[in-house]
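[1] Okay, here's the prediction I keep looking at, along with the sequence it came from:
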Amino acid sequence: MSDFVTLSRHGAVACITLDRPQARNALTWEMWRALSRLADQVEADDGAKVLLLKGGPDGFAAGADIDEMGRLAQDKEQAAAFAADMIGAMQSLARLSKPSIAVVKGACVGGGMTLALACDFRFAGDSAKFGITPARLGLISPLADSARLIDIVGAPAAKDLLFTARLIDVVEARQLGLIDRLAPDDAIDAEATIHAERIAELSQISIKGAKRMIGRALAGRRQDDRETLAEFVEALTGPDFREGRDAFLAKRKPRFTS
């Protein structure tokens, strides 16, 4: 496990933290692999309902470690293995069945931005700067990363960000829909935690189901089929609906066990 990526949990809220401040959280190969492993741990932890992904107070992540990438690029087999692990880290986050929130302060650039895009929400402090910059390096944005960018900001804005490799501030990022919540740097962690705890209190059967349904819709599915109808019936006849119904009728707060 990497010393520069850590996992903690407070109650139902898990937190993966990037912690390589001397390199502005530039992501090494081992950090990408650690991100995948830790995301899998969060997925397997029934006590973790929501994930926060954080960088340091001076920056979320300045991108991949370019020096290391330069060395890996000298060997095609190594380069292919590195690329697979980097893309795998993004997939592990994006495929998480539980909601995830990237908490961004300072630079969120290149690989850092693609990590944030792989989360369900992006909460930003007012110092945040965003950029997706493969064109500065002669690289190509992978398909899944490009698709997530398009899903969030639309194709024209995605082209602009990729073609110009420019950095944008929180004002423009909010206008593009890249940021879901904006607050001062000293308040954004609390905002994210409160939001995560609010989600964790609700039915996780409902939350996970909503995430699956939205994922299907983004992939182009628009009509229910046997699979989606079966999921609805499973929820309708399940324990969380019984608790939700009883709580509604009794005018009390539900106590979900999922």
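    Alright, I've got the coordinates.
[2] residue ranges for the strands of the chain, please.
    5-10, 13-18, 50-54, 59-61, 100-104, 107-109, 121-125, 129-131, 181-183 (DSSP state E).
[3] now for those strands, which one comes closest to Arg242?
    strand 50-54 (23.7 Å; C-beta to C-beta). (C-beta placed from N, C-alpha, C; glycine too.)
[4] The stretch 101-250 of the chain: helices as residue ranges?
    Remark: helices assigned in the stretch 101-250 of the chain by DSSP state H, counting those that start in this stretch are 111-117, 143-153, 155-164, 170-176, 185-201, 204-218, 226-236, 239-250.
[5] tell me the average confidence for the first one?
    Across helix 111-117, the average pLDDT comes to 97.
[6] Now it - C-alpha only, PDB.
    The C-alpha trace of helix 111-117 is given here as PDB (Å, rounded to 0.1, in the frame of the first residue of the first chain):
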ATOM      1  CA  GLY A 111      -5.100  13.100 -13.500                       C
ATOM      2  CA  GLY A 112      -6.400  14.900 -10.500                       C
ATOM      3  CA  MET A 113      -9.300  16.200 -12.500                       C
ATOM      4  CA  THR A 114     -10.100  12.900 -14.000                       C
ATOM      5  CA  LEU A 115     -10.200  11.400 -10.400                       C
ATOM      6  CA  ALA A 116     -12.700  14.200  -9.400                       C
ATOM      7  CA  LEU A 117     -14.800  13.400 -12.600                       C
END
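[7] Any regions of this structure where pLDDT drops low?
    For the chain, residues meeting the criterion pLDDT under 70 lie at 1.
[8] follow-up on the earlier one: generate CSV for the strands of the chain, with mean neighbour count and distance to Ala190 as supplementary columns.
    Compiled in CSV, the strands of the chain are given as follows (neighbours: other C-beta atoms under 10 Å; distance: least, C-beta to C-beta, whole Å):
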stretch, mean neighbour count, distance to Ala190
strand 5-10, 16, 13
strand 13-18, 22, 12
strand 50-54, 25, 11
strand 59-61, 27, 17
strand 100-104, 28, 10
strand 107-109, 26, 19
strand 121-125, 25, 10
strand 129-131, 22, 21
strand 181-183, 17, 8
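[9] export these to TSV and tack on distance to Gly88?
    Output for the strands of the chain, formatted as TSV (distance: least, C-beta to C-beta, whole Å):
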stretch	distance to Gly88
strand 5-10	14
strand 13-18	15
strand 50-54	16
strand 59-61	17
strand 100-104	16
strand 107-109	20
strand 121-125	21
strand 129-131	23
strand 181-183	28
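[10] closest one to Asp160 among those strands?
    strand 129-131 (11.5 Å).
[11] tell me which strands and helices the closest one is in contact with?
    Contact partners of strand 129-131 among helices and strands, from 3 or more C-beta pairs under 8 Å, 6 or more residues apart in numbering; DSSP states H and E: strand 107-109, helix 111-117.
[12] How far off centre is the last one?
    I take that to be helix 111-117. 8 Å (C-alpha atoms, centre = their mean, to the nearest Å).
[13] helices or strands next to it in the packing?
    strand 59-61, helix 76-94, strand 100-104, strand 129-131, helix 143-153.
[14] and Cys15, which of the ones you listed is closest to it?
    strand 100-104 (8.8 Å).
[15] Name every strand pairing with the closest one and say which way it goes.
    strand 50-54 (parallel), strand 121-125 (parallel) (DSSP bridges).
[16] so which of these comes closest to Arg33?
    strand 50-54 (15.8 Å).
[17] Contacts made by the closest one with the rest, please.
    12-18, 39, 42, 60, 93, 96, 98-103, 115-116, 119, 189, 192-193, 196-197, 199-200 (C-beta atoms under 8 Å, 6 or more residues apart in numbering).
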